[in-house]
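Visitor: Fold the following for me, if possible:
(chains A, B, C and D, ligands or ions: 6)
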Amino acid sequence: MASTDIIIGIVGSGGDGVITAGEFIVSAVSSEGLFSFMLKSYGAQIRGGESSCRVRISEQPVQSQGDEIDVLVTFSWADLLKFEHEVELREGTVILYDEDDPMPEDHVAQYAALKAVTYAIPFKRLAKERTQTILTKNVIMLGVLAELFGLPAKGIRHAIARKFAAKPGVVEKNIDAFGIGREWVKENLEKRDPFHLEYTPGAPKLVMEGNAATALGAVVAGCRFYAGYPITPAGEVMVWMARHLPALGGIMVQCEDEISAAGMVVGAAFGGAKAMCATSGPGLSLKSEMLGLASIAEVPIVIVDVQRGGPSTGIPTKTEQSDLMHAIYGSHGDSPRVVIAPTDVEDCFDTAVQAFDIAEEFQIPVILLSDQFIAQRKETVRPFDVSRRAVYERVKPGRAELVDYKRYRLDTKTGVSPMAVPGMPGGQYPASGIEHSEAGDPTSRVDTHSALTEKRYRKYRYIIEKYSFVRTYGDEDAEVGILGWGSSKGVIKETVLRLQAEGRKVHCMIPQLLHPFPKEAFDRFLAGKKILVVVELNYRGMFLQFIRSRCDIKQKVVHYGRTGGKPFSVREIYDVVREVL
Amino acid sequence: MASTDIIIGIVGSGGDGVITAGEFIVSAVSSEGLFSFMLKSYGAQIRGGESSCRVRISEQPVQSQGDEIDVLVTFSWADLLKFEHEVELREGTVILYDEDDPMPEDHVAQYAALKAVTYAIPFKRLAKERTQTILTKNVIMLGVLAELFGLPAKGIRHAIARKFAAKPGVVEKNIDAFGIGREWVKENLEKRDPFHLEYTPGAPKLVMEGNAATALGAVVAGCRFYAGYPITPAGEVMVWMARHLPALGGIMVQCEDEISAAGMVVGAAFGGAKAMCATSGPGLSLKSEMLGLASIAEVPIVIVDVQRGGPSTGIPTKTEQSDLMHAIYGSHGDSPRVVIAPTDVEDCFDTAVQAFDIAEEFQIPVILLSDQFIAQRKETVRPFDVSRRAVYERVKPGRAELVDYKRYRLDTKTGVSPMAVPGMPGGQYPASGIEHSEAGDPTSRVDTHSALTEKRYRKYRYIIEKYSFVRTYGDEDAEVGILGWGSSKGVIKETVLRLQAEGRKVHCMIPQLLHPFPKEAFDRFLAGKKILVVVELNYRGMFLQFIRSRCDIKQKVVHYGRTGGKPFSVREIYDVVREVL
Amino acid sequence: MAVDAPRQHTVADYKRDLKPVWCSGCGNYGVLNAIYRALTELDVSPHDVGIISGIGCSSRLPGYINVYGMNAVHGRALPIAQGLKLARPEITVLAVGGDGDGLSIGMGHFPHAARRNVDMTYIMMDNRIYGLTKGQLSPTTPKGDVTVTSPFRSIDTPMEPVKLAVAFDTSFVARGFAGNLKHLTEMVVAAIRHPGFSFVHVLSPCPTFRGMDEFKRIRDLIRVIEVPATELGSRDAAFTREDADPGAINLGILYKSPRPHYGEEALRLRDISRAGLDHEPTMQELLQEFMP
Amino acid sequence: MAVDAPRQHTVADYKRDLKPVWCSGCGNYGVLNAIYRALTELDVSPHDVGIISGIGCSSRLPGYINVYGMNAVHGRALPIAQGLKLARPEITVLAVGGDGDGLSIGMGHFPHAARRNVDMTYIMMDNRIYGLTKGQLSPTTPKGDVTVTSPFRSIDTPMEPVKLAVAFDTSFVARGFAGNLKHLTEMVVAAIRHPGFSFVHVLSPCPTFRGMDEFKRIRDLIRVIEVPATELGSRDAAFTREDADPGAINLGILYKSPRPHYGEEALRLRDISRAGLDHEPTMQELLQEFMP
Ligand SMILES: Cc1ncc(C[n+]2csc(CCOP(=O)(O)OP(=O)(O)O)c2C)c(N)n1
Ligand SMILES: Cc1ncc(C[n+]2csc(CCOP(=O)(O)OP(=O)(O)O)c2C)c(N)n1
Ligand code: SF4
Ligand code: SF4
Ligand SMILES: [Mg+2]
Ligand SMILES: [Mg+2]
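Guide: Ligands and ions are numbered 1, 2, ... in the order given. The predicted model follows:
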């Protein structure tokens, strides 16, 4: 059977190079123009514990991590057990394991029932005997995979050469190891499984994780100030900024905590800079007060929240979509802010640019609601056009406006008042977290408070008008509609494609702007639907609650939500939707 | 005209003793068994600026501050101007002013149009000439009021004697001053207005502000640990605790910030104590993360949020009901918590007790959502029964349970697992903000995360079952229903009473438990209603949004919300409801 | 900042048309005047100045100065001010606020600001009380004092802002008194001139909540000193000096620890990070690292 | 705490059945063992101990001890631990955590814990890096070091925990090394025995993110010292000693500032506040103040 879509799982311990092997595959297929998608998972140990990865490869854009694994490599049966909740096998799965660690008795029947094809391979022995080091084991394994399943060999050699470019001897050794694996298969293995990747090579594509894409998007939007405090799974945004902002003449500053990071960003933005901080749930909670300040003082800032399992410290390394309500409502008082959610790695780039556009145009804090699932996975993406954007710059007061300048002028159409920045003669004003007059002076007058609040919320209408971008897939006139957001897009889209391929009618919508609520877009989507399936990775059903709070839902609603810890699979969503179709 | 309900407004500058005068009235009427209700308001100056108060007196329980002012005393026309947004006059208002500060020309026509009755009184002159100090001016004024409008003279003398008990000379001087005012009226004034309070004295009642009532309620519930950080308008809770907890063998600790205060409370509650902190919006925002910890670690804590004008620093001295969404949703992840709202001063006491009951019974953080309007107003309340309550104590593991003790046992009906506290042999366990197993060990397993989340939310059902207390007024079978919450109760109730007195049918409901959402109670209320009026003191309409997110509202909805800065008046609500009646 | 050119500005240029809400007799008036004068002396244009504060009586100050000001949230003046300065190095940046703002809720930011050493000035207006919230304990309230939150006397050991600043190796530490306008102005000028993070501890009495004598009480204790340049760099000396006479409060420049400030270091990083590249990387070049 | 009775407990009583997630070679194992031994030596019952931590590799520690533990949120071990101790004075309370936890995000709580002087022990496991989040700058990372967030070398001046603790007038300050179990155990025992807030700075290397030599590097610098009792109370001496030899790290009890702890002071307040009353006020009596 020629395959155009293969899912490979690899499991091992610390020294086994499991993640590196996965990365080689991703790099290889991307350089040969295919698409891929890779998830990593680690055990509880801080370092050196068990780890696993899952790589999906396809000629077509890969929407998700897919369902069950086609090909599983495990260096250790004990390690495999630790991932039993994450590694699901399909009927006919191929399992490769080290002959040194024979299959436990009790697995035999299980795999037989699965009609699994198993190969015992002397990974370790080959490494030791042929390369004098155990370290090449993973590359030998790649040779085996390449030969057995037709993975792009040229690409893998290229990936090896690139990775070890600085260490010539190492490149050679690994290229050799790769050959050893392939050879061994040719000489010793009789293929008993049907998987073989068929593809036509194309132009190389990029390999990126969501966090780097977010950082890149910010920089393309003009962000030159980043303040951060490390937190999983947002850390890579800061690391990327630390590597690149200095050369760009920007500042990346590691702060003492998230409050300080948000404060620095407010200060920088008050100063006229495009400024950002990234964090995860606990950090977002800590930034609640500063968010309110940006809101009332109308300082444009961008806060990235890479969601993880919550509440509290929760599950830092796993994904969840459970910060939605806090993003929308967190912070006391009537404090407007914008929430947008990227849906995949490439989208992290796009939404980061957009976050700055909205923040700057509307002088409002913008929360970019990413999550671990997109932030830390590696994905093949088509080369970006990093210059394509008309980046938005905030409105500054003109000369006339600076006579008796009122920073918080009420009589503007959109609620946005021209904002002077330090250094601009005549623009001096006091910004304030206290309720203030148009000129910025503290007040406790009811009428002023009411007028200024209205002004700050007036922006919503125009934000919705301009930024109500939604993704829809499927048939517009279907009776069943699926609603989801953020990182659930991939599995939902794939579900829709699968159902369509089966000749079934279904429609789905993934809004980019979550708050302010793009009601028209929702109402348009709801019109004509009889059944709604709402999909989200949290327990409470926040998205559904939020929609309900704004839309009159007459449809029958099927809510599919669960705690995170593991992203949705296509099968999961497919089964839910099939129930009602 | 005999009045049973008079509203007196007093305006002056720092040294004028305006607030003291108001307090004397409240004290006086309460000691003679009447009811009263007093609001204070200050200008922008930190100290010594203009101030005003409004006291309503009645034989019947006073529900609200009422509408326009019946009797206005102003020591200074300039000061009066500064309160123009807060002091509304009725037709036929009586205005007393100091003859030293004659009425400005432009006021004359205005007051004539109002058919106001004005009296120029030599407050200052009498004070200087007859008591050799200007300081008695306010007490002389009280004498004038007592004589003119029949305020309880005995009570005022009693109040003076009590206030200055430590300084005998001062008591006399003020009692004299009081007599001087009365006498002057008798001898010099011809009453031209119809106001005269008629009442039958009764048993003395208490005088209390909401913040003190909250503190007292907490202490009655068994709270002996208070950690705080000063903030307006919650400060008096801490001050009260500082005065009383030491003698009770408790601890009141002033912390370095609100995060620390919440942390101390978590630590104390983990230790088995009933512990509380009180704050206002900015502090609540800062406590978001700690709230999540209490939520996942299932530590029973009580957080009082005395709402003020928001967002950010906002308007610290004025009321608003705009922290609702943050109270319900603030904190990342699926983090359960309970939100209850007191509706008046007496209710601050009741809900504080209840907050501890819920927290302890369900091992969950409870937010008590008070606001400046109830927290800082003085009100006459009927003597409490401070011993009436069967105070709830948290469930601790029994001997059998301590064998292989599992702190977070899943197999309990209500989701509440017996909680060991330090000092209990065999109960040692690790509490954790990280997702954990039943035993408390960190885990990142999807299934455990899901099971534990479900357990934490399972409590909701039982909390709703037990604590869905709602207040309803009016006719159950009315077609128009009013929904409100918290401190809006008074004006809503009075509106209903007024409408009923006019023979109109209307029904209203004020839920005490806001979150988890007591859906049954709402559905019951909604049944049969054709029009809903939703009343709340915030811009966004949080309460309505929240109800919509849980209930299918088929009724026509009239939302009456506005920013705070000033509480609702009865007239305001009355007008809204009359529109639809 | 050009300070050699003929002076362009007068005190009036820095005044803003808003009447302070402060009580009469409040020390903060003195601080406000000192800042007016210092800015005048430094002759920096009002639009080139940013003053950030937290929340408190003292933190109302930016509203009374004709500069880019921010009366932000309680305790966070330092992060915001640092962000402003790092993003806009050409602006003269001040952070101001109270003892509670800086030492209680804002405590966590102070040592980090000191070690980060951003080129800005932090003026702490210490009245040993929470003024705005009406008289609670502050971190500098003397032990044993009665306040509304310590009705039976305070049991908390007070903090000593100058010693803390020295312990944090703040690159410039001075103390002034709101009642000594001339000296305080000098301190503020020297602090702003200092390249790096400078801290001025100002005794700024609150007659309302600490009594009318507070001014006099302080006036009796203060002594203006001139620390020899050779001693300015010693932490031990600074500690010893502060402890020497419990009955005296030193006014003056008390400690200096000159070193490159964060902005300079950041420029150095820029050069290092561009090594091998003769230009600012283009966006297209940034994309390269993602090529497989 | 009864320590004179015949010993009841062994190390095994304090061990919990959970395998640490720490890397092999991590300094935290040494700290864990020292705490086992210290508790054994003090012979305090496991159920009478509370250990609170923040978040970090080091903060996982409570999970491995058979006591009432809490692995709370990042940076907040001190407030939680103080709350526990104040509410339950009879419990032996420890706070533990990393350099980042305590000096970065938790910095604001440290000086206040020191001046409040609650009778508890704070053990800081300093590895000069953020371990759990995988190798970022910590407040104690030496200037010039390369980390993932300082790829072109760190430009931040590191903090010195012991000097800070001394500046905060912490009532007991000691330093130990994870590689010297015996000495570290002594320090922990002395700290717990000390009535008041005691701080133990532990050098606890992270081989994973600071390299395999970190243990050796530290071992070469440390020297166990015995500070004469007469010198223990001097801040200046402590500073001088710490600064004396940049090539040496002092282990031992380094500073003491004995004074009544918060719990004692609170009892004093209770007595003062009850003045004139021979009993705990009843609820009915509390109501009296509301009578008009
Ligand atoms: C997060 C937060 N907590 C508490 C407050 C209330 N608050 C306002 S000012 C202040 C302290 C004032 O003291 P200080 O900083 O010394 O300034 P001062 O008024 O004495 O000048 C407090 C606690 C607040 N505004 N925000
Ligand atoms: C509010 C918050 N911010 C950030 C994090 C992420 N985080 C977890 S541990 C840690 C620092 C770890 O360093 P340290 O405290 O020195 O402990 P170590 O791991 O080195 O023992 C950080 C930043 C978090 N959990 N919570
Ligand atoms: S309360 Fe004190 S600090 Fe505040 S303005 Fe008045 S005198 Fe100044
Ligand atoms: S990362 Fe470092 S501190 Fe964390 S467990 Fe490993 S060695 Fe220890
Ligand atoms: Mg102060
Ligand atoms: Mg560390």
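
Visitor: Now do the SS call for residue A:231.
Guide: Under the three-state scheme (DSSP: H, G, I helix; E, B strand; the rest coil), residue A:231 adopts coil.

Visitor: so what's the residue in the stretch 451-581 of chain A positioned nearest to chain C up against?
Guide: The shortest separation between the stretch 451-581 of chain A and chain C is 15.0 Å, found at residue A:452 (distances taken as CB to the nearest CB). The way it works is simple: take the backbone N, C-alpha and C, and place the C-beta from them, glycine included. Counting by CB atoms under 8 Å, 6 or more residues apart in numbering or on different chains, residue A:452 touches A:408, A:410, A:435-436, A:438.

Visitor: Work out the gap between the helix or strand where it lies and the centre of the chain.
Guide: Secondary structure assignment for residue A:452, by DSSP states H and E: helix A:446-467. A distance of 31 Å separates the centroid of the chain from that of helix A:446-467, by CA atoms, centre = their mean, to the nearest Å.

Visitor: just to revisit the earlier point, tell me how far the residue of the stretch 451-581 of chain A closest to chain C lies from ligand 4.
Guide: Relative to ligand 4, residue A:452 is positioned 49 Å away (CB to the nearest ligand atom, to the nearest Å).

Visitor: what helix or strand is the residue in the stretch 101-250 of chain A that ligand 3 sits nearest to on?
Guide: Minimum separation of the stretch 101-250 of chain A from ligand 3 (CB to the nearest ligand atom) falls at residue A:227, amounting to 31.5 Å. Mapping residue A:227 onto the secondary structure by DSSP H and E places it in strand A:225-228.

Visitor: Can you list the strands that that strand pairs with?
Guide: Sheet pairing of strand A:225-228 (DSSP bridges) gives strand A:251-254 (parallel), strand A:275-279 (parallel).

Visitor: domain assignment for chain A?
Guide: If the domains of chain A are taken from automatic domain parsing, they occupy A:2-207, A:211-378, A:395-467, A:470-580, with pieces of a single domain joined by a plus sign.

Visitor: With respect to residue B:369, which of those domains lies nearest?
Guide: Nearest to residue B:369 among those is domain A:211-378; the distance by CB to CB comes to 10.7 Å.

Visitor: Can you check the distance spanned by that closest one, start to finish?
Guide: Using CA to CA, to the nearest Å, the gap from the first to the last residue of domain A:211-378 comes to 10 Å.

Visitor: Over to stretch A:244-264?
Guide: First-to-last distance for stretch A:244-264 - CA to CA - comes to 19 Å.

Visitor: mind checking how far stretch A:162-172 is from the chain centre?
Guide: Computed by CA atoms, centre = their mean, the separation of stretch A:162-172 from the middle of its chain amounts to 31 Å.

Visitor: mind listing what's buried in it?
Guide: Taking 16 or more other CB atoms under 10 Å in any protein chain shown as the neighbour-count basis, stretch A:162-172 is seen to contain the buried residues A:163-164, A:171.

Visitor: got a list of what the residue nearest to residue A:348 when sequence neighbours are not counted touches?
Guide: If you skip the residues right next to it in sequence, residue A:348 has residue A:213 as its closest partner in space, 3.8 Å away by CB to CB, 6 or more residues apart in numbering or on different chains. Residues in contact with residue A:213, defined by CB under 8 Å, 6+ apart, are A:345-349, A:352, A:381.

Visitor: Over to residue A:292?
Guide: Applying CB under 8 Å, 6+ apart as the definition, the contact partners of residue A:292 turn out to be A:331-333, A:335, A:433, B:281-282, B:285, B:310-312, C:73.

Visitor: Which one of these is nearest to ligand 5?
Guide: Relative to ligand 5, the closest of the contacts of residue A:292 is residue C:73; by CB to the ion it sits at 16.0 Å.

Visitor: what's the spacing between that closest one and chain B?
Guide: For residue C:73, the distance to chain B (CB to the nearest CB, to the nearest Å) stands at 6 Å.

Visitor: Kindly report the same for residue C:245.
Guide: Summarising the geometry, the distance separating residue C:245 from chain B, computed by CB to the nearest CB, is 29 Å.

Visitor: Run a quick neighbour tally on that residue.
Guide: Counted by other CB atoms under 10 Å in any protein chain shown, the residues lying close to residue C:245 total 11.

Visitor: the strands in chain C, which residues?
Guide: When secondary structure is read from DSSP state E, chain C shows strands at C:49-53, C:68-71, C:92-98, C:121-126, C:172-177, C:198-203, C:222-224, C:249-256.

Visitor: The stretch 351-500 of chain A now?
Guide: Using DSSP state E, counting those that start in this stretch, the strands found in the stretch 351-500 of chain A span residues A:366-371, A:378-381, A:430-432, A:470-474, A:480-483.

Visitor: The longest one pairs with which strands?
Guide: Taking DSSP bridges as the criterion, strand A:366-371 sits next to strand A:302-307 (parallel), strand A:338-340 (parallel) in its sheet.

Visitor: what angle sits between it and helix A:446-467?
Guide: Here the directions of strand A:366-371 and helix A:446-467 differ by 50 degrees (axes from the mean of the first three to the mean of the last three CA atoms, to 10 degrees).

Visitor: and residue A:460, what does it touch?
Guide: A:336, A:516.

Visitor: do residue C:207 as well
Guide: Counted by CB under 8 Å, 6+ apart, residue C:207 has contacts C:23, C:25-26, C:214-215.

Visitor: ok, 10 Å please
Guide: B:47, C:23-27, C:127, C:213-215 (CB atoms under 10 Å, 6 or more residues apart in numbering or on different chains).

Visitor: and those, which two are the farthest apart?
Guide: B:47 and C:213 (17.0 Å).

Visitor: out of those two, which sits in the more crowded spot?
Guide: residue B:47 (18 against 12).

Visitor: Next up, the contacts around the more buried one.
Guide: B:14, C:21-24, C:26, C:57, C:131, C:134, C:206-209.

Visitor: Hmm, residue A:304 is touching residue A:284, no?
Guide: Yes. Counting by CB atoms under 10 Å, residue A:304 does reach residue A:284; the two are 9.4 Å apart.

Visitor: Next, show the common contact partners of those two.
Guide: Joint contacts of residue A:304 and residue A:284 (CB under 10 Å, 6+ apart) are A:234, A:367, A:369.

Visitor: Near the last one, how many other residues are there?
Guide: Counted by other CB under 10 Å, the residues lying close to residue A:369 total 26.

Visitor: Identify the residue nearest it in space, chain neighbours excluded?
Guide: Ranked by CB to CB, 6+ apart and with sequence neighbours excluded, the top spatial neighbour of residue A:369 is residue A:341, at 4.3 Å.

Visitor: From residue B:331, how far out is that neighbour?
Guide: Distance, residue A:341 to residue B:331, by CB to CB, to the nearest Å: 19 Å.

Visitor: for residue A:360, same thing?
Guide: Between residue A:360 and residue B:331 the computed distance is 29 Å (CB to CB).

Visitor: and if you look at residue A:492?
Guide: 27 Å.

Visitor: Low-confidence ranges, the chain, go.
Guide: I'll assume chain A. Of all residues in chain A, those with pLDDT under 70 make up the ranges A:1-2, A:388-390.

Visitor: To clarify, I was referring to chain C.
Guide: Where chain C drops to pLDDT under 70, the residues are C:1-5.

Visitor: Helices of that one, start to end?
Guide: C:11-14, C:28-42, C:77-87, C:99-100, C:110-116, C:161-167, C:181-193, C:207-210, C:214-221, C:235-244, C:262-273, C:283-288 (DSSP state H).

Visitor: Determine which two of the contacts of residue A:213 are furthest apart.
Guide: Longest distance between any two of the contacts of residue A:213 is 13.7 Å, between A:352 and A:381; criterion CB to CB.
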